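# Show me how the following folds:
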Amino acid sequence: MAGHSKWANIKHRKGRQDALRGKVFTRLAKEITVSAREGGGDVGANPRLRLAVQNAKAVNMPNDNISRAIKKGTGEIEGVNYEELTYEGYAPCGVAVILETVTDNKKRTVADVRSLFGKLGGNMGETNSVAWSFDRKGVVTIKTQGKSEDELFESVFESGAEDIEYDAEESRIICQMTDFGNVFKYFDEKGFELGESKLEYMPQNYTKITTVEDAKKVLKFLDTFEDYDDVQNIYHNMEMDDSIAEQID
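Predicted structure coming up:
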């Protein structure tokens, strides 16, 4: 996929996400707590919690942290009453953005998000102002482990998934939301080493960024929200050429 502008963007963002590894435990602990609160603390009977725990173990979160997050959700120990909220709108240059947040203070979060949209040159929109242009998909992340893209394609189709975003180190298997459980189970049972897997918003169309200056504006917007503690996930439809991506770092 050399020269593919969308993948260049994905790789750039992946590097950024790797740099935020310290925030991962906090984000996953929130997901575990919310999952336990919504569906109970039994991993075997709560699919969302089971996935959250698997994702936490995939990044080597200590068992004590996982157990504490579950107990906060079930109320066995004192915790925070988290609320899940989704915001959407536009980053600079018309890039569509969806933010998934978890917060213990809705008023604070909505005020902060609205303020950041304005300061960073974006526009916060109403519900479904951009979500209509995204598809909800399942994404199963696997360690590539030296396999070629063609070799992984065989597993992709056998699992019932639709596509793959291939990378020499870690690849993403894309599937329908309704097939996510079966596809995840397939790769797990086949012995693949799994990374963080979840449902994501994937854009139907991309907004192409053609200058370094514009790319920096959009990336500053995305980076700021990724640093904001209440943001769990951020999805966007930015696309940029390889030549621009190479000049960013």
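# Need the contact partners of the longest helix along the chain.
Determined from DSSP state H, the single longest helix within the chain is helix 21-39. For helix 21-39, contacts defined as C-beta atoms under 8 Å, 6 or more residues apart in numbering pick out 45-49, 51-53, 55-56, 59, 61, 65-66, 68-75, 79-80, 82, 84, 102, 196, 226-227, 229, 232. Just so you know, the C-beta spots here come from the backbone N, C-alpha and C atoms, and that holds for glycine as well.
# Point out where this protein drops to low pLDDT.
Within the chain, the stretches with pLDDT under 70 are 1-22, 249.
# which one in it is furthest away from the centre?
E76 (28.8 Å; C-alpha atoms, centre = their mean).
# For that residue, give me its contacts.
G41.
# Can you tell me how far it is from P47?
Per C-beta to C-beta, to the nearest Å, E76 is found 21 Å from P47.
# what about the helices in the chain?
5-19, 21-39, 47-58, 63-74, 106-119, 149-159, 180-189, 212-227, 242-245.
# Identify whichever of these lies nearest to K137.
Shortest distance between K137 and the helices of the chain, using C-beta to C-beta, is found for helix 180-189: 8.2 Å.
# tell me what that closest one is packed against?
strand 134-143, helix 149-159, strand 170-176 (3 or more C-beta pairs under 8 Å, 6 or more residues apart in numbering; DSSP states H and E).
# Return the list of helices and strands in contact with the first one.
Translated: strand 134-143. So strand 134-143, by 3+ C-beta pairs under 8 Å, 6+ apart, packs with strand 170-176, helix 180-189, strand 198-203.
# check contacts around N46.
35-36, 39-40.
# Of the residues you listed, which is the most crowded?
A36 (26 neighbours; other C-beta atoms under 10 Å).
# The residue nearest to that residue when sequence neighbours are not counted - how many residues pack around it?
Spatially, and ignoring its direct neighbours in sequence, A36 is nearest to G73 (2.7 Å; C-beta to C-beta, 6 or more residues apart in numbering). By the criterion of other C-beta under 10 Å, G73 has 28 neighbours.
# With A245 instead?
22.
# For the residue lying closest to L120 once chain neighbours are set aside, give me its contacts.
Using C-beta to C-beta, 6+ apart and skipping the chain neighbours, the partner closest in space to L120 is F221 (4.4 Å). Going by C-beta under 8 Å, 6+ apart, F221 touches 91-92, 95, 97, 120-122.
# if we go to 7 Å?
91-92, 120-122 (C-beta atoms under 7 Å, 6 or more residues apart in numbering).
# How much space separates it from R114?
14 Å.
# Also N205?
26 Å.
# A131 too?
17 Å.
# For those two, indicate the residue with more neighbours.
A131 (16 against 13).
# List the contacts of the residue nearest to that one when sequence neighbours are not counted.
Spatial nearest neighbour of A131, chain neighbours left out: E88 (5.6 Å); criterion: C-beta to C-beta, 6+ apart. Applying C-beta under 7 Å, 6+ apart to E88 gives the contacts 97-98, 125, 129-131.
# which strand residues sit across from E88 in the sheet?
I98 (DSSP bridges).
# Could you check how far it is from G79?
E88 is 28 Å from G79, by C-beta to C-beta.
# Same check on E154?
E154 is 44 Å from G79, by C-beta to C-beta.
# higher neighbour count, these two?
Higher neighbour count among E154 and G79: G79, with 17 against 10, using other C-beta under 10 Å.
# Quick check: the more buried one touching K72?
Yes - between G79 and K72 there is a contact at 2.9 Å, judged by C-beta atoms under 7 Å.
# Number of residues surrounding F153?
15.
# Surely it touches I164?
Yes - if you go by C-beta under 7 Å, F153 and I164 touch, sitting 6.4 Å apart.
# buried ones in stretch 189-204?
Within stretch 189-204, the residues scored as buried using 16 or more other C-beta atoms under 10 Å are 192, 194-198, 200-201, 203.
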